[in-house]
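Engineer: Take a look and give me a structure for this.
(one chain, ligands or ions: 1)
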Amino acid sequence: MPFPGRGHINPMMNLCKLLASRKKDILITFVVTEEWLGYIGSDPKPHNILFETIPNVIPPERLKTANFPGFYNAVMTKMEAPFEQLLDRLELPVTAIIGDIEVRWSTGVGTRRNIPVALFWTMSASVFSMFHHFELHIKQSHAKIDLIEQVESIAGMSSSNVEELRTIFHRDDPRVLELALDCISTVPQAQYLLFTSANEFEPQVFDSLRAIYNLPVYPIGPAIPYLELGEGSCETKSYLQWLDSQQTGSVLYISLGSFLSVSNTQMDEIVGGLQISGVRYLWVARGEASRLKDRCGDMGLVVPWCDQLKVLCHPSVGGFWTHCGWNSILEAVFAGVPMLTFPLFLDQDTNSRQIVEDWGNGWRVNDAVKAEKLVTKENIAELVRRFMGAESDEGKQIRRKAKLLQNICVVAISEGGSSAANLDAFISSISPGKDH
Ligand SMILES: O=c1ccn([C@@H]2O[C@H](COP(=O)(O)OP(=O)(O)O[C@H]3O[C@H](CO)[C@@H](O)[C@H](O)[C@H]3O)[C@@H](O)[C@H]2O)c(=O)[nH]1
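Structural biologist: Residues are numbered from 1 along each chain as shown. This next block holds a predicted model:
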């Protein structure tokens, strides 16, 4: 049961494909709303993953951004009953439920029906840990989340995390933070905890989570579509052909996420800055693609959507300007591409810091804490030129770090690697006949 959003459905489907590839006789029912079946129903998938739907009981995707707290709340309150009705209709008994933590109610369903539940977290383990410690602090001090305004420190949390929580509290709707914390509080009722991360990406955090929770913690990631990289239809996409005609490492790939947009003024500065920089770029701009196309001239290609992992793995792509959604970051890590970070929402400031300060495979475009401030086209041009330039020592350094992390990633998902072993351990523990 994924949360209905691109950044959640994709990793959940990738997780299911990984499970199906390692256990041929598994049968997976992937539950989506009727609206989401329309978006992903015809995507290729193995025969042992089946779609089932629940009615459109939540607001449609096109209204999501206008009232995200309302949408988030609807997922947590309206989907549980139709999900249970669906369970009653299924022919085969369910041996395990994998539920996105952010649907909140899957552990309740599992407990009532005596079905083991694996909760799946689609952000980083570091963000999970930050929310966990904040939730604990609030519970223990009987305070409301606006206590983040006054506190200097919280046990188990770095001062950067406290600052990032403050940013989330101010910039995003506090109701979203409150609901996310509520979801985290359900984790002790689950039987397993799954992450789309690799143990080696956030080793101390995973150690501490294993000490906190009395249940198996499995980092199985990255849950990105690497199994399908070699596949594809015969027709080559025009943007891949365009990339074929560019020089190695010369193209900056830009994507600012699947559902939030930046202000028009900031967008104008980004377009202006790219033009001045002289760097070639491929920009995924969804609804804004046609407006941007007219203004980008012949240095850039603007498309509404692309096969992102294929693009990041293309040899012509030398950098990624990202809004820091966790899936996009994992794809860049897998591809060994350094990042320019431009966080906009919830976990993205923490992700940006992880890239810039912990991993060293990227630079910031905007300062996380002062994200409201406009970044001018002059600053953008200078940064992009420096970032993509082949010669500078600092540029070489982030590219070296990106390759190092890529190697760690490849080892983790290869046979005998930590993520592959965790997938097998999870499969074995939910297989019939095992004692949960
Ligand atoms: O042209 C495109 C653009 C995006 N994608 C895919 O869309 C997904 C986007 O996911 P992500 O990068 O995580 O961004 P969001 O959709 O914005 O993710 C939401 O969910 C994430 C996981 O919970 C959070 O980290 C983010 O902050 C939150 O905005 C990824 O799988 C991309 O590969 C494409 O395939 N083609």
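Engineer: Is any residue of the helix or strand bottoming out on mean pLDDT in the chain near the ligand?
Structural biologist: Lowest on mean pLDDT, DSSP states H and E among the helices and strands of the chain sits helix 289-296, with a mean of 78. No. Against the ligand, helix 289-296 shows no contacts by CB under 6 Å from any ligand atom, the least distance being 10.0 Å. For every residue, glycine as well, the C-beta is placed using N, CA and C.
Engineer: Export stretch 115-123 to CSV, keeping only CA atoms.
Structural biologist: Extracted as CSV, the C-alpha positions of stretch 115-123 are listed here (Å, rounded to 0.1, in the frame of the first residue of the first chain):
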residue,chain,number,x,y,z
ILE,A,115,-1.1,-9.9,9.5
PRO,A,116,2.5,-8.9,9.9
VAL,A,117,3.2,-5.3,8.7
ALA,A,118,6.4,-4.0,7.1
LEU,A,119,6.5,-0.2,7.2
PHE,A,120,8.3,1.4,4.3
TRP,A,121,9.9,4.9,4.7
THR,A,122,10.5,6.7,1.4
MET,A,123,12.7,9.5,2.8
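Engineer: about what we covered before: how far away from the center of its chain is the helix or strand following the least confident helix or strand of the chain?
Structural biologist: Sequence order places strand 300-303 as the next helix or strand after helix 289-296, per DSSP states H and E. Put simply, strand 300-303 sits 23 Å off its chain's centre (CA atoms, centre = their mean, to the nearest Å).
Engineer: again, but for stretch 170-178
Structural biologist: Stretch 170-178 sits 19 Å away from the centroid of its parent chain (CA atoms, centre = their mean).
Engineer: Ok, stretch 380-397 next?
Structural biologist: Relative to its chain's centre, stretch 380-397 lies at 26 Å (CA atoms, centre = their mean).
Engineer: Which positions within it qualify as buried?
Structural biologist: Going by neighbour count (16 or more other CB atoms under 10 Å), the buried part of stretch 380-397 is 380-381, 383-385, 387-388, 395.
Engineer: Kindly report the same for stretch 243-256.
Structural biologist: Per 16+ other CB under 10 Å, stretch 243-256 contains these buried residues: 243, 246, 250-256.
Engineer: pretty sure D244 contacts S316?
Structural biologist: Yes. Between D244 and S316 there is a contact under CB atoms under 8 Å: 7.3 Å.
Engineer: Could you list the domains of this structure?
Structural biologist: Described in terms of automatic domain parsing, the domain architecture of the chain consists of the residue ranges 6-219, 234-411.
Engineer: hmm, the longest one touching the ligand?
Structural biologist: Yes. Counting by CB under 6 Å from any ligand atom, contacts between domain 6-219 and the ligand involve 6-8, 10, 122-123.
Engineer: Show me just the buried residues among these.
Structural biologist: 6-8, 10, 122-123.
Engineer: out of these, who's nearest P46?
Structural biologist: Nearest to P46 out of these is N10 (CB to CB; 15.9 Å).
Engineer: How about the contacts made by that closest one?
Structural biologist: 224-225, 327 (CB atoms under 8 Å, 6 or more residues apart in numbering).
Engineer: Could you rerun that using 7 Å?
Structural biologist: Counting by CB atoms under 7 Å, 6 or more residues apart in numbering, N10 touches N327.
Engineer: do the same with M12
Structural biologist: 2, 100, 120.
Engineer: where are the low-confidence patches of the stretch 1-150 of the chain?
Structural biologist: Judged by pLDDT under 70, the stretch 1-150 of the chain has no weakly predicted residues.
Engineer: all helices in the stretch 101-250 of the chain, in order from the N-terminus.
Structural biologist: Counting by DSSP state H, counting those that start in this stretch, the stretch 101-250 of the chain has helices at residues 106-113, 125-141, 159-171, 174-184, 203-212, 238-244.
Engineer: ok and the longest one relative to helix 159-171, angle-wise?
Structural biologist: For the pair helix 125-141 and helix 159-171, the angle between their directions (axes from the mean of the first three to the mean of the last three CA atoms, to 10 degrees) equals 80 degrees.
Engineer: Give me the helices and strands touching helix 125-141, please.
Structural biologist: In terms of contacts (3 or more CB pairs under 7 Å, 6 or more residues apart in numbering; DSSP states H and E), helix 125-141 is packed against helix 159-171, helix 174-184, helix 203-212, helix 348-353.
Engineer: Keeping just the C-alphas, turn it into CSV.
Structural biologist: C-alpha atoms of helix 125-141 as CSV (Å, rounded to 0.1, in the frame of the first residue of the first chain):
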residue,chain,number,x,y,z
ALA,A,125,16.9,7.3,7.5
SER,A,126,18.4,10.6,8.8
VAL,A,127,15.0,12.4,8.3
PHE,A,128,13.2,9.5,9.9
SER,A,129,15.5,9.7,12.9
MET,A,130,15.0,13.5,13.1
PHE,A,131,11.2,13.1,13.1
HIS,A,132,11.4,10.2,15.6
HIS,A,133,13.4,12.2,18.1
PHE,A,134,11.2,15.2,17.7
GLU,A,135,8.0,13.1,18.2
LEU,A,136,9.5,11.5,21.3
HIS,A,137,10.5,14.9,22.7
ILE,A,138,7.0,16.2,22.2
LYS,A,139,5.4,13.2,23.7
GLN,A,140,7.7,13.3,26.8
SER,A,141,7.3,17.1,27.4
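Engineer: ok, stretch 354-370 near the ligand or not?
Structural biologist: No. If you take CB under 6 Å from any ligand atom as the test, stretch 354-370 misses the ligand, and the best it gets is 11.4 Å.
Engineer: gap between that stretch and the chain center?
Structural biologist: Relative to the mean C-alpha coordinate of its chain, stretch 354-370 is positioned 17 Å out (CA atoms, centre = their mean).
Engineer: what's the answer for stretch 81-89, then?
Structural biologist: How far stretch 81-89 lies from its chain's middle: 28 Å, per CA atoms, centre = their mean.
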